[in-house]
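Enquirer: Structure, please.
(one chain, ligands or ions: 1)
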Amino acid sequence: MIRLDKYLSEAGKGTRTEVKKLISGGRVWVSGSQVKDPAYKIDEDNDQVTIDGEDVRYLAMEYYMLNKPKGVVSATRDSRKGNVCVTDLIHERIRKDLFPVGRLDKDTEGLLIITNDGELAHRLLSPKKHVDKTYYAELDKRLTGEAASRLMEGVDIGDEKPTLPCVISRLSDTTCFITIREGRYHEIKRMFKTEGLHVEELRRISMGPLALDPSLGPGEYRPLTEEEISMLKDFDRTDGE
Ligand code: URA
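Expert: Residues are numbered from 1 along each chain as shown. Next up, the predicted model:
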C-alpha cells in the first residue's frame, strides 16, 4: 500500500506538490471513485488509477539492460555541461529514480544494468560478493603469456591492497577477455598499465549471470526479462557464500 500522491509522483506524473493539485482538483479517480485525499492508500497490485480518465502506469521497480556507448557518463545527473548520462538514454522509463548499477568509464562500452532497485544494486556491488565482471579488451601492444599470468595473480596498482586474482583469456596478441571480481576505479586500465600496456577498447560483456544481449548496439537498451531479473536476484542470494 502506498499514498496516492507518492504513487502518482513515482509514476512520473509530477512532483508531490504538482500531483496534490491534480488530486484536489478532482482529476484523479481510484478504481471508479473520485479521490481528493492525497494520503489515500493505494493497493499497487489491484487498484486502477486514472487522471482525467487516462490510466496511470505504475511500476515499483524497473530493470533495463543498456549497452552503454562511449562518451556517456555512468551517473544519473552530471554537472559538467554537455555530458549525457546513462539514465538519459532510457526513454521508456516511468520512474525518475533510476540509476546505473556500478560505473563504466566514459570511454568504456557495454553492459550496464539500470534500475531503481537499490537492494539488488547494493548486493551486486558489495565487495564481499565478488561478482564476476567480464570485459573484452583491446591493447596497444602484445600481451605476453607471462604478463597475463602476473596480472591473473593480482598486482599492485597503487591501492592499499593488490588486485584480487582474475582470469584472462588471450584471444589474439593484443585482445583478450578479462574477468575481475572487484570494481575499483579504472581497475582494468591500471592493471594493464603495470605491464606497460594501454587499453584502447574496453567493453563489458557480462556481470554475474547476466550477459550483454548481442542484438543491442551501443546506446540501445531493453527491459530485463522476468527470468533475467529472478536470475540476478537468486544468484545474488547464493553467490559468495
Ligand atoms: N576497468 C576500467 O579500467 N574501466 C572500466 O570502465 C571498467 C573496468
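Enquirer: for the ligand, what are the nearby residues on the chain?
Expert: Within the chain, the residues that sit near the ligand (C-beta under 6 Å from any ligand atom) are 104-105, 108, 186-189, 202. All C-beta spots, glycine's among them, are computed from the backbone N, C-alpha and C.
Enquirer: which one's the longest helix in the chain?
Expert: Counting by DSSP state H, the longest helix found in the chain is helix 226-238.
Enquirer: what's that helix packed up against?
Expert: The contact analysis (3 or more C-beta pairs under 8 Å, 6 or more residues apart in numbering; DSSP states H and E) places helix 226-238 against strand 63-68, helix 118-125, strand 210-211.
Enquirer: by how many degrees do it and strand 63-68 diverge?
Expert: Interaxial angle of helix 226-238 relative to strand 63-68 (axes from the mean of the first three to the mean of the last three C-alpha atoms, to 10 degrees): 90 degrees.
Enquirer: Averaged pLDDT, helix 226-238. What do you get?
Expert: Averaged across helix 226-238, pLDDT comes to 85.
Enquirer: mind saving the C-alpha coords of that helix as PDB?
Expert: Extracted as PDB, the C-alpha positions of helix 226-238 are listed here (Å, rounded to 0.1, in the frame of the first residue of the first chain):
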ATOM      1  CA  GLU A 226      11.300 -11.700 -15.700                       C
ATOM      2  CA  GLU A 227      13.700 -14.600 -16.000                       C
ATOM      3  CA  GLU A 228      16.800 -12.400 -16.000                       C
ATOM      4  CA  ILE A 229      15.500 -10.400 -13.000                       C
ATOM      5  CA  SER A 230      15.000 -13.600 -11.000                       C
ATOM      6  CA  MET A 231      18.300 -15.000 -12.100                       C
ATOM      7  CA  LEU A 232      20.000 -11.800 -10.800                       C
ATOM      8  CA  LYS A 233      18.100 -12.000  -7.500                       C
ATOM      9  CA  ASP A 234      18.700 -15.700  -7.000                       C
ATOM     10  CA  PHE A 235      22.300 -15.500  -8.000                       C
ATOM     11  CA  ASP A 236      22.700 -12.600  -5.600                       C
ATOM     12  CA  ARG A 237      21.500 -14.700  -2.700                       C
ATOM     13  CA  THR A 238      23.700 -17.600  -3.300                       C
END
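Enquirer: what does that helix contact?
Expert: Helix 226-238 is contacted by residues 63, 65, 113, 120, 123-124, 129, 208-210, 224 when judged by C-beta atoms under 8 Å, 6 or more residues apart in numbering.
Enquirer: Let's see that with 10 Å instead.
Expert: If you take C-beta atoms under 10 Å, 6 or more residues apart in numbering as the criterion, helix 226-238 is touched by 61, 63, 65, 101, 113, 115, 117, 119-124, 126, 129, 131, 207-211, 213, 222-225.
Enquirer: repeat for stretch 88-96
Expert: The contact list for stretch 88-96 (C-beta under 10 Å, 6+ apart) reads 9-13, 15, 56-62, 64, 66-69, 72-73, 75-78, 87, 98, 100, 112, 114-116, 219-223.
Enquirer: which one's the longest strand in this structure?
Expert: strand 199-207 (DSSP state E).
Enquirer: so how far is that strand off the chain centroid?
Expert: With C-alpha atoms, centre = their mean, to the nearest Å as the basis, strand 199-207 stands 15 Å off its chain's centre.
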